[in-house]
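Novice: A predicted structure for the sequence below; I have some questions about it.
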Amino acid sequence: MRSSDKTTLAGESVDRKRRVSAYETALAQFDAVADRLKLDENLSDLLRACKRELIVHFPVRMDDGRVQTFTGYRVQHNVARGPAKGGIRYHPAVDLEEVRALAMWMTWKCALVNIPFGGAKGGVTVNPAELSRGELERLTRRFATEVSLLVGPEADIPAPDMGTDAQVMAWVMDTLSMHQGYSMPGAVTGKPVPLGGTVGRAEATGKGVAIIAQAALEQAKKPIKGATVAIQGCGNVGYNAALAFQALGATVVALSDRSGGVYQPKGLDCVAVGDCKGETGRCVDYAKASVITNAELLQLPVDILVPAAMEGQITGSNARKIRAKLVVEGANGPTTPEADAILEKAGVTVVPDILANAGGVVVSYFEWVQDFNRYFWDLAEVNRNMEKVLRQAFAEVSATAKHEGTALRTAALMVAVGSVAEAMKLRGIYP
Ligand code: GLU
């Protein structure tokens, strides 16, 4: 696959020439904010680059006896505010530039919600659906070993991302622990609860998306009850966001995955759609709704649109067709800078990824704290604290947006980049 072919989920209508990579998006966002903050040029040069970039090529024995070489990455963008934190992605489109962008967004996300981490991301270029369970485990254990040069509870703490889950984290934790000679639960988050995982982590990102949407609606003096929602993506983020929106009284009318979307204007039975996806692997096999494309889903007449799949879905080519007045970014980097400008002009509020999907890393932080304390919280405490952190960040971002007269993304990045820049200045330059 050519790297320019990576963002094809809603790509039917996307003009090839205008396709923007995640890294270009991340840099353009940073540059705009560095200008506004009048960051020192040397500091912004440093923050444009990732601190550490590890590329690994490693063999995995496949079930048929062949040995296949895979490529993986672990990139730490910045660690001024604490250990590096960020997920591991298994996807065929993973490459160094994508991982760099995702690592940079993790730095800003952790700073924005004020948890004591820097930003990292990792990934392997692989389609996990094509691996057997044994192959997935061997790939994971070997990749964990390769990146153990950087990873550890005080240094760099992975978590799930697209294509990975709690089981993959259990194998990572076990592999790192085997090398160490004792169990190191704090080396990864998003683990199964019996291994030192936290209750509430699996649902946290999606739940956070709904909480942030609710906060945005409250500010606009609109009720969430009865609001219609279209969600692109039905993975961990999209599906749990759907359930959380329903629990808040909103009506989820559309959900999708790689196969396309399902649309039911009266409201979907999201659990039934999820069950169908669990059985056949495809949302579109759900019979009680019309089948639509991912491109059509983005253009539905809904109150809230949640892109919760890949980067680069809302672009200069399709932004004008978006009819929702509120876009809440469940995915990392779903909107290109060109699309951002179009949406802002059209009066569409975009709640940026680093705020909207931060619930996941916030609860990862709670998991890490619990692992260190050897003392575990109940679900009510996890959820209460997550909501508090997210609402506080939302209030800070919307106050900044108002004060600076900017869109929420610019405001969020101003807060986050400002906080990282302050940490860098306080630490100074070694030696
Ligand atoms: N992969 C998630 C994200 O993009 C979570 C990262 C974490 O919990 O460390 O925010």
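Specialist: Yep, that arrived.
Novice: what's the spacing between residue 147 and residue 176?
Specialist: 9 Å (Cβ to Cβ, to the nearest Å). Bear in mind the C-beta positions are built from the backbone N, C-alpha and C, glycine included.
Novice: Then residue 373?
Specialist: Taken as Cβ to Cβ, the span from residue 373 to residue 176 is 20 Å.
Novice: Quick check on residue 94: phi, psi?
Specialist: When read as degrees, to the nearest 10, the backbone of residue 94 gives phi -60, psi 130.
Novice: burial measure for the closest residue to the ligand within the stretch 301-431 of the chain, as a count.
Specialist: In the stretch 301-431 of the chain, the residue that lies nearest the ligand is residue 364 (3.2 Å; Cβ to the nearest ligand atom). The tally of other residues near residue 364 (other Cβ atoms under 10 Å) stands at 29.
Novice: Helix or strand for it, just tell me which one.
Specialist: helix 359-373 (DSSP states H and E).
Novice: What is that helix packed up against?
Specialist: strand 84-91, helix 96-112, strand 156-160, helix 201-219, helix 379-404 (3 or more Cβ pairs under 8 Å, 6 or more residues apart in numbering; DSSP states H and E).
Novice: which strands and helices sit next to the fourth one?
Specialist: Translated: helix 201-219. helix 236-247, strand 304-307, strand 326-328, strand 349-351, helix 353-356, helix 359-373, helix 379-404.
Novice: before we move on, back to that, pull out the buried residues from the helix holding residue 364.
Specialist: Under the neighbour-count criterion of 16 or more other Cβ atoms under 10 Å, helix 359-373 has 359-371 buried.
Novice: Same question for stretch 400-411.
Specialist: So, applying 16+ other Cβ under 10 Å, buried residues of stretch 400-411: 400-401, 406-411.
Novice: can you list the helices and strands packed on helix 201-219 in a markdown table and add distance to residue 167 and mean pLDDT?
Specialist: Conversion of the helices and strands packed on helix 201-219 to a markdown table gives the following (distance: least, Cβ to Cβ, whole Å; pLDDT from 0 to 100):
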| stretch | distance to residue 167 | mean pLDDT |
| --- | --- | --- |
| helix 236-247 | 13 | 98 |
| strand 304-307 | 26 | 98 |
| strand 326-328 | 28 | 98 |
| strand 349-351 | 31 | 98 |
| helix 353-356 | 25 | 98 |
| helix 359-373 | 16 | 98 |
| helix 379-404 | 21 | 98 |
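Novice: could I get the ones you listed as a markdown table with distance to residue 161?
Specialist: A markdown table is the format used below for these (distance: least, Cβ to Cβ, whole Å):
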| stretch | distance to residue 161 |
| --- | --- |
| helix 236-247 | 9 |
| strand 304-307 | 16 |
| strand 326-328 | 19 |
| strand 349-351 | 20 |
| helix 353-356 | 13 |
| helix 359-373 | 9 |
| helix 379-404 | 18 |
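Novice: Quick check: phi and psi on residue 253?
Specialist: Dihedral angles (degrees, to the nearest 10) for residue 253: phi -100, psi -20.
Novice: And the closest residue to residue 80 other than its chain neighbours, how far from residue 79?
Specialist: Nearest residue to residue 80, sequence neighbours excluded (Cβ to Cβ, 6 or more residues apart in numbering): residue 423, at 4.1 Å. Using Cβ to Cβ, residue 423 is found at 10 Å from residue 79.
Novice: I appreciate the help and will end here.
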